[in-house]
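1. test case, fold it:
(2 chains)
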Amino acid sequence: MSDLILSPNLTDADDFYADLLAAHEGLEQADSDALNARLVLVLANHIGDNAILKQALDAAALKQE
Amino acid sequence: MRCARCTRTGRETVNKIFEVPLYAYEASPDQSTPAPVRHKVIVVGAGPVGLAAAIDLAQQGVEVLVLDDNDKVSFGSRAICFAKRPLEILDRLGCGQPMVDKGVLWNKGKVFFDERQVYEFDLQPDSGDQRPAFINLQQYYFEQFLVDRVRELQAQGAPIEIRGRNKVEAVGTHPDHVKLEVETPEGSYTIEADWVIACDGAGSPMRAMMGKDFVGRVFEDNFLIADVIMEADFPSERWFWFDPPFNKGQSALLHKQPDGVWRIDLQLGWDIDKEREKRPENVIPRLKAMLGDDVQFELEWVSIYTFQCRRMEQFRHGRVIFAGDSAHQVSPFGARGANSGVQDTDNLCWKLKLVIDGKAPETLLDSYDVERIHGADENILNSTRSTDFITPKSAMSRVFRDAVLDLSEHYDFARPLVNSGRLSVPCTYDGSPLNSADALNGPAETRPGAPCPDAPLGDEFLLPKLAGEFTLLTIDADAPDEIEEDGITVKRLALSVKDDPTLTLKRRYLGDATGAVYLIRPDQHVAARRDTYEENAFRHAVRRATGKE
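-> Residues are numbered from 1 along each chain as shown, chains lettered A, B, ... in the order given. Here you go, the predicted structure:
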């Protein structure tokens, strides 16, 4: 089983973060929530592996190993 | 049958088949004997599950009496969607063909969200099966065909009887028999049975009288079911709406039944006045909003239902065995109610026959609990997940649900996440004590515990050749024509991959193997398989499959 990457892995962290904020720029809260939900689903599909996704859910919930 | 799940209501229409007594009350000699008459098996409830159980037993020569508190088939259409596996079982019970002939075949479905269609799907019938993935057929026809089959068996002298308006009022359980107090229009009488199968529906009076648990989750929602008769050019497809303009914030379903009857399901939410919502003056405007003002329709049956997902902790209680909705209840999404009930009887009846004949220990019946509780849990899991998708329980679950639907319009990847009901497929009894270890490097779909998939054999099909007895299926492998192990006769069915030019048989039963020997149970589930015949291994497998190991 492969592990969720929790060390720095983004090619350009600042660029990604700026893109993420830009995507939400000017949206109402409900639209922002919907965008985030769609983003989670798109990324989850890209990852595909439930074992990794479960680790990601735990990491996002700030559960300690 | 009285409808236990649904509240009975509706506009009375004349001459519907569900209004004509099909097994009218007649006095039985049992009512006037000094001592209670003992029957081999009594089935309580003449719904789809009770009738299937009775037919199965009678076909095997087991004397069986069906008691029902009513004298008619199901009131209104109720269960309408029958899946491939139950149809295969009905073939074994001698009444699959009239069901398929009468039923509406469908493979396509459309999913709508708000005002737009987000995608459509095709349950491409997996070629190689005699029976379609599904047919739609009103429950009253389903029951009528079963009653027809009972009458046919009676004409052939089979030991089967249905008594209408015979209501069980009390149950007494004993180590070797069950005593029932039965009320009729002419007073009550006492009757006994070696075995009782309780198929008396979700509200099971048998379960209540025996004080047995029924735990699970109640879903706080109401659904309006309307069967309408209309001349409409909607295709034979399943249409499902999430949050449609004509039923904002809720869901809707449109499904075609035989005779120009359409099933419409409208989610109403929890906080409603049921009596008010059922009135035609309130139902008709809802339907007009859905169908359009210009569509002419007539209401055949209206009901409001709520549902639960729950099951009994055990299905077998000594000599009383529960099957169908009395043992487990699921949400209607996925057509898992009647379909799983028929599979219960398929699992139970051959075991009961062997126990009655003294060819297997009574403990074989405990495997019914293990296997069908496994099936019930799978159905409850699937239908609970469907319900959670259709009726989001929190603001965030609605956000994700809507995100899935929005994505599904644009990207294929999101479509498997859309859950408007995971349609009933048979359960594989993984881990069953009746299975022998897999000794073939073969396809997973035919591993021990799996229901045998069908395969074409020229003009015929495989499954009808595996009907009701233990079978040694050999594919390009040697084996004796017959073996007998401790009273169980196993006959060989010798096939070759050459018998099926479509190679479905090879794909489903051999995979990369060059030959295989399968031990198939009377209910067409795989008990054991190996690449070659080894006598000791298969004798052991027969003993194991009959609860002797």
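2. is any residue of stretch A:22-33 near chain B?
-> Yes. Stretch A:22-33 lies within reach of chain B by Cβ under 8 Å from any Cβ of the partner chain, at residue A:33. Backbone N, C-alpha and C define where each C-beta goes, glycine included.
3. measure the residue in the stretch 301-450 of chain B positioned nearest to chain A to residue B:414 for me?
-> Chain A sits closest to residue B:403 of the stretch 301-450 of chain B, with a gap of 3.6 Å, by Cβ to the nearest Cβ. Using Cβ to Cβ, to the nearest Å, residue B:403 is found at 8 Å from residue B:414.
4. who touches both of those two?
-> Residues touching both residue B:403 and residue B:414 (Cβ atoms under 8 Å, 6 or more residues apart in numbering or on different chains) are residue A:41.
5. circling back: tell me the contacts of the residue of the stretch 301-450 of chain B closest to chain A?
-> A:34, A:37, A:38, A:40, A:41.
6. kindly report the same for residue B:64.
-> B:39, B:40, B:41, B:42, B:43, B:53, B:54, B:57, B:58, B:159, B:160, B:161.
7. give me that answer again for 6 Å
-> Listed by Cβ atoms under 6 Å, 6 or more residues apart in numbering or on different chains, the contact partners of residue B:64 are B:41, B:54, B:57, B:58, B:160.
8. CA atoms only: put stretch B:387-398 into PDB for me.
-> Taking C-alpha atoms only, stretch B:387-398 is exported to PDB below (Å, rounded to 0.1, in the frame of the first residue of the first chain):
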ATOM      1  CA  THR B 387     -31.300   6.800   0.600                       C
ATOM      2  CA  ASP B 388     -28.500   9.000   2.000                       C
ATOM      3  CA  PHE B 389     -27.700  10.200  -1.500                       C
ATOM      4  CA  ILE B 390     -31.300  10.800  -2.500                       C
ATOM      5  CA  THR B 391     -32.200  12.500   0.900                       C
ATOM      6  CA  PRO B 392     -29.100  14.300   2.100                       C
ATOM      7  CA  LYS B 393     -29.100  14.400   5.900                       C
ATOM      8  CA  SER B 394     -27.000  17.500   6.400                       C
ATOM      9  CA  ALA B 395     -26.200  20.800   4.500                       C
ATOM     10  CA  MET B 396     -22.800  19.500   3.600                       C
ATOM     11  CA  SER B 397     -24.100  16.100   2.400                       C
ATOM     12  CA  ARG B 398     -26.400  18.100   0.100                       C
END
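9. distance from the chain centre to it, please.
-> For stretch B:387-398, the distance from its own C-alpha centre to the chain's C-alpha centre is 27 Å (Cα atoms, centre = their mean, to the nearest Å).
10. name the residues of it that are buried.
-> B:387, B:388, B:389, B:390, B:391, B:392, B:398 (16 or more other Cβ atoms under 10 Å in any protein chain shown).
11. does chain A sit close to it?
-> No. Stretch B:387-398 is not in contact with chain A by Cβ under 6 Å from any Cβ of the partner chain; minimum separation 7.8 Å.
12. contacting residues around that stretch?
-> B:219, B:221, B:251, B:331, B:401, B:419.
13. could you point out the helix or strand that follows the helix or strand of chain B at the bottom of the mean pLDDT ranking?
-> When each helix and strand of chain B is scored by mean pLDDT, DSSP states H and E, strand B:215-230 comes last, with a mean of 85. Going down the chain from strand B:215-230, the next helix or strand is strand B:238-242, by DSSP states H and E.
14. run the chain-centre distance for the helix or strand that comes right after that next one.
-> On the C-terminal side of strand B:238-242, the closest following helix or strand by DSSP H and E is strand B:251-257. On the basis of Cα atoms, centre = their mean, the separation between the geometric centre of strand B:251-257 and that of its chain is 20 Å.
15. just stretch B:189-200 next, same as before
-> Counting by Cα atoms, centre = their mean, stretch B:189-200 is centred 22 Å from the centre of its parent chain.
16. contacts for it next, please.
-> B:30-31, B:36-45, B:49-50, B:53, B:177-182, B:206, B:319-324, B:326.
17. repeat that with 7 Å
-> Outside stretch B:189-200, the residues that touch it by Cβ atoms under 7 Å, 6 or more residues apart in numbering or on different chains are B:30-31, B:36-45, B:47, B:49-50, B:53, B:177-182, B:204, B:206-207, B:319-324, B:326, B:352.
18. just the buried residues of stretch B:151-170, please?
-> Neighbour-count burial for stretch B:151-170 [16+ other Cβ under 10 Å]: B:153, B:158, B:159, B:160, B:161, B:162, B:163, B:164, B:165, B:166, B:167, B:168.
19. distance to residue B:515 for the contacts of stretch B:387-398 - can I get that in a markdown table?
-> As requested, the contacts of stretch B:387-398 are exported to a markdown table (distance: Cβ to Cβ, whole Å):
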| residue | distance to residue B:515 |
| --- | --- |
| B:219 | 50 |
| B:221 | 53 |
| B:251 | 50 |
| B:331 | 44 |
| B:401 | 49 |
| B:419 | 41 |
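20. between these, which sits nearest residue A:12?
-> residue B:401 (33.5 Å; Cβ to Cβ).
21. now the angle from the helix or strand harbouring that closest one to strand B:238-242?
-> Per DSSP H and E, residue B:401 falls inside helix B:395-410. Inter-element angle recorded for helix B:395-410 and strand B:238-242: 130 degrees (by axes from the mean of the first three to the mean of the last three Cα atoms, to 10 degrees).
22. what is the mean pLDDT for helix B:395-410?
-> What helix B:395-410 shows for mean pLDDT is 97.
23. check which element follows it along the chain.
-> Beyond helix B:395-410 toward the C-terminal end (DSSP H and E), the next one is strand B:456-457.
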